[in-house]
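Q: Need a 3D model of the sequence below.
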Amino acid sequence: MTPATGARPLEPKARPVNVALAAANRDSEGANSTAGPATPARHFRADIQALRAIAVLMVVIYHVRPERLPGGFVGVDVFFVISGFLITSHLIRDATRSGRVKLGAFWAARARRILPASLVAIVATVGLTAWLAPVTMFETLQRQALASIFYVQNWVLAGDAVDYSAADNTATAFQHFWSLSVEEQFYLIWPLLVLLAAWFVGRDAVRPGTPGYGPRVRRTLLVLFGVVVAASLAYSIYAVQDAQADAYFVTTTRIWELGAGGLLATVSIRRLSRAARYVLGYAGLAAIAGSALLLSSQTPFPGMAALPVILGTVAVILAGTPAEGESDVALAKYDPWTFASRLRISQWFGDRSYSLYLWHFPVIVIWTMVADRTVDYLDLIGMIVVSIGLAHFSYRYIEQPTRRAPLLTGPSRRTLLISGTSMLVVAAITFAYPWAMNRAQADGDWSALALRVVEMPVIGAETAHDGALPTFVTSTAEIAPSPLDAERDRNLAFEADTCVAEQTDEHTPNCTAGDPDAELSVVLVGDSHVRMYSTALAQLALDDGWFLRIYTHDACPFSPTPREIEVAGELTCTEPNAAVMHEILDNPPDLVITSWYQMSTFIDDGSPSVPGAAGFAQYWNTMEDAGIPVLVLRDSPRMQEDVPDCIAQWYETPDKCAVPRDEAFPGPPVLDEATQLAPRVSVADFTDAFCTDELCKPVIGNVIVYTDVHHLTDTFTMTMIPRLREAIDAALAER
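A: Down below sits the predicted model:
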């Protein structure tokens with residue numbers, strides 16, 4: 001499932017296409033009065049509403065044309081600051097006026113503001129995806145729908161990011177709820193800090209309404225908020241530098257962004273000169289625009305990279321605070337930003353920013369799913385028009401009516417009860433997914449068909465002949481493994497928990513198969529793309545009576561040259577790779593087999609060859625000099641979408657999921673240049689087992705080739721055993 005024209009696909013490895021917006025509540029979260037960011041009176045801030053409009057449009061542009069605005073995902077960070085500022089302003093008004101925070105009323109207001117529109121969006125998305133999505137996605141869709149309903153989506157996605165086998169999952173129509181989940185968790189925690197500050201001040205017999213009460217509450221909050229913000233920012237920087245896969249999603253790396261707005265709300269700004277406001281405002285807008293233009297999905301984020309957009313948003317909010325006795329109408333005479341922010345179109349999009357956030361991403365995902373082709377500019381225009389139309393409908397007929405509905409504006413307990421019940425009802429609706437899956441399985445028993453294929457004498461790569469790769473060798477469509485099982489059909493010979501290192505692990509484990517006393521010993525070493533062959537090689541070791549040792553480290557090609565992504569996070573695979581090299585040299589095998597993911601990119605090491613080539617050649621030559629032959633497997637082709645999902649849609653015509661051969665090898669020519677620098681190594685090129693002269697196929701000889709976009713199924717690699725044996729024999733015969 002990929003959108004795109006010249007538009008880039010919605011790739012899960014890119015900056016996650018799941019940025020959420022803070023809800024706009026101009027009634028209960030209006031900003032300040034003329035006295036500054038934390039005065040008791042309320043004052044509608046047209047500039048903040050316009051800032052929302054800019055942020056949501058940044059997000060939409062990023063999702064439909066990420067190459068046009070590569071850092072547009074920072075729109076979510078803008079909304080985090082806005083939300084933290086407005087929410088804290090509201091809480092401080094209550095605390096300084098009454099000395100307490102009405103938690104029930106606050107949470108009821110949040111539920112009334114956010115839940116109706118979001119639950120309707122979830123129900124609509126469940127209904128459409130249960131009808132249109134491939135059944136292979138139903139389990140993930142239900143899990144993410146439930147996570148979105150109960151506002152834990154960010155933690156679910158964080159877990160998937162850490163789980164290497166799930167890291168390449170196709171983006172779902174619910175992923176954008178991650179940031180709304182962060183905000184809801186913030187809404188649970190932040191009022192408690194305000195309540196704690198009011199209680200602490202009240203212990204000193206300073207009562208609400210006395211002259212010193214408000215300032216003391218603010219000073220106390222400044223300390224509390226400062227500690228939280230500093231701790232969260234420090235952890236965010238650490239997690240990003242440590243290349244922690246979940247750093248983008250978890251609340252602990254994000255709460256400082258909302259807290260930055262909260263800190264601003266605690267500071268009472270009595271007067272800023274017009275010149276100071278201009279400098280702050282335009283410097284802040286420049287920081288936001290610069291982040292949107294200069295950052296990209298490859299930028300380690302949030303951490304230090306988020307500071308410019310956060311500080312820029314704080315500056316814009318601060319600059320929009322009118323001085324005493326001055327209105328924003330007066331400012332408009334002198335300030336183009338104030339004038340632009342008051343335009344009707346700016347306010348219109350600002351009002352509908354929350355609904356546009358809710359609807360635009362499901363529209364993009366479902367539109368792409370239905371189109372089933374390369375999305376063109378007319379499709380992009382259609383996505384935007386439909387998203388805006390749904391946003392207006394949601395704002396006009398869901399958001400606004402429910403905010404004033406007598407049933408929801410009564411006692412807080414009743415509002416919370418209705419909200420909780422509604423969430424449970426919508427959660428029950430998500431069981432449409434298993435119902436639809438059971439119905440699909442009843443219509444066609446894929447598991448039984450897969451079993452019939454496995455029992456056939458010749459399947460998969462064994463059916464290739466004279467450049468031809470038959471999709472089926474049977475008269476009917478029968479495929480193994482079942483599309484429902486294909487995702488799990490990989491690396492079954494070795495336990496992932498004990499035999500595979502994650503990218504951030506400091507040690508690469510060693511696992512074995514076959515007879516330790518055998519005359520022939522083989523080492524398999526590299527990343528997940530060499531690990532794809534581990535099951536087949538383990539079987540080959542048992543069949544042919546030799547000994548196999550494997551050293552597999554996800555996302556770590558066996559090279560001394562660091563990957564670009566690792567350098568950005570101050571983490572490299574070089575130390576565990578060096579340790580493995582020492583083990584290989586100390587206990588030399590008769591053959592080393594290696595490979596790596598063709599899309600891996602490496603730092604420029606100063607050599608005249610493609611970055612990475614010299615590093616591989618260095619390791620290969622070191623082993624060859626030690627008398628250890630090296631066999632390099634050319635990487636397999638890369639598909640353009642998740643293969644089991646596509647096969648589930650086109651079970652009888654799976655060639656619709658094929659990729660042109662000239663598009664299936666997008667990485668730099670590292671292997672070709674590395675073998676020129678290390679001419680003694682043997683290379684096994686299995687491309688003809690995957691591709692004809694024109695197409696690289698997802699189903700060959702009744703077998704699904706891929707578990708996702710680029711990892712092979714064990715079922716298919718097992719059919720490659722004769723080719724693997726031939727390549728090993730040839731590499732050994734050359735010595």
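Q: My read is that residue 375 contacts residue 368, right?
A: Yes: assessed by CB atoms under 8 Å, residue 375 is found in contact with residue 368 at 6.0 Å. C-beta coordinates here come from the backbone N, C-alpha and C atoms, glycine included.
Q: what about the strands in the stretch 551-700 of the chain?
A: Listed in chain order, the strands of the stretch 551-700 of the chain (DSSP state E, counting those that start in this stretch) span 591-595, 630-633, 659-660, 682-684, 695-696, 699-700.
Q: most packed of the ones you listed?
A: Burial of those is given as mean neighbour count (mean count of other CB atoms under 10 Å); strand 699-700 ranks first at a mean of 28.
Q: Quick one: mean pLDDT over that strand.
A: For strand 699-700, the mean pLDDT works out to 95.
Q: Likewise for stretch 351-370?
A: 94.
Q: ok, and for that stretch, which residues are buried?
A: Buried residues in stretch 351-370, counted by 16 or more other CB atoms under 10 Å: 351-369.
Q: list the contacts for residue 656?
A: The contact partners of residue 656, by CB atoms under 8 Å, 6 or more residues apart in numbering, come to 646, 650.
Q: Now do the helices in the stretch 601-735 of the chain.
A: Assigned by DSSP state H, counting those that start in this stretch, the helices in the stretch 601-735 of the chain fall at 613-625, 643-649, 670-677, 687-690, 714-718, 721-733.
Q: and what of the stretch 351-500 of the chain?
A: So, for the stretch 351-500 of the chain - with DSSP H, counting those that start in this stretch - the helices run 353-371, 377-394, 400-404, 412-429, 432-443, 446-454, 496-499.
Q: Minimum distance to residue 64: which of those has it?
A: Minimum separation from residue 64 across the helices of the stretch 351-500 of the chain (CB to CB) falls at helix 377-394, 5.1 Å.
Q: which residues are contacting the closest one?
A: With CB under 8 Å, 6+ apart as the criterion, helix 377-394 contacts 3, 5, 7, 60, 64-65, 117, 120-121, 352, 355-356, 358-360, 363-364, 367, 371.
Q: Average pLDDT for it, rounded please.
A: 94.
Q: Tell me the buried residues in that helix?
A: For helix 377-394, burial by neighbour count (16+ other CB under 10 Å) applies to 379, 380, 383, 384, 386, 387, 388, 390, 391, 392, 394.
Q: For those, work out which two are farthest apart.
A: Pairwise distances across these (CB to CB) peak at 22.0 Å, for the pair 379 and 394.
Q: Okay, domains of the protein per the record?
A: Following automatic domain parsing, one finds the domains of the chain at 46-435, 490-642+661-694+714-733.
Q: got the end-to-end distance for the shortest one?
A: Using CA to CA, to the nearest Å, the end-to-end distance of domain 490-642+661-694+714-733 comes out at 30 Å.
Q: Report the distance from it to the chain centre.
A: Distance of domain 490-642+661-694+714-733 from the chain centroid (CA atoms, centre = their mean, to the nearest Å) equals 27 Å.
Q: Kindly report the same for the longest one.
A: Taking CA atoms, centre = their mean, the mean C-alpha location of domain 46-435 is offset from the chain mean by 17 Å.
Q: May I see the helices of the stretch 351-500 of the chain arranged in a markdown table, with distance to residue 172 as well?
A: Formatted as a markdown table, these follow (distance: least, CB to CB, whole Å):
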| stretch | distance to residue 172 |
| --- | --- |
| helix 353-371 | 7 |
| helix 377-394 | 17 |
| helix 400-404 | 26 |
| helix 412-429 | 16 |
| helix 432-443 | 11 |
| helix 446-454 | 22 |
| helix 496-499 | 23 |
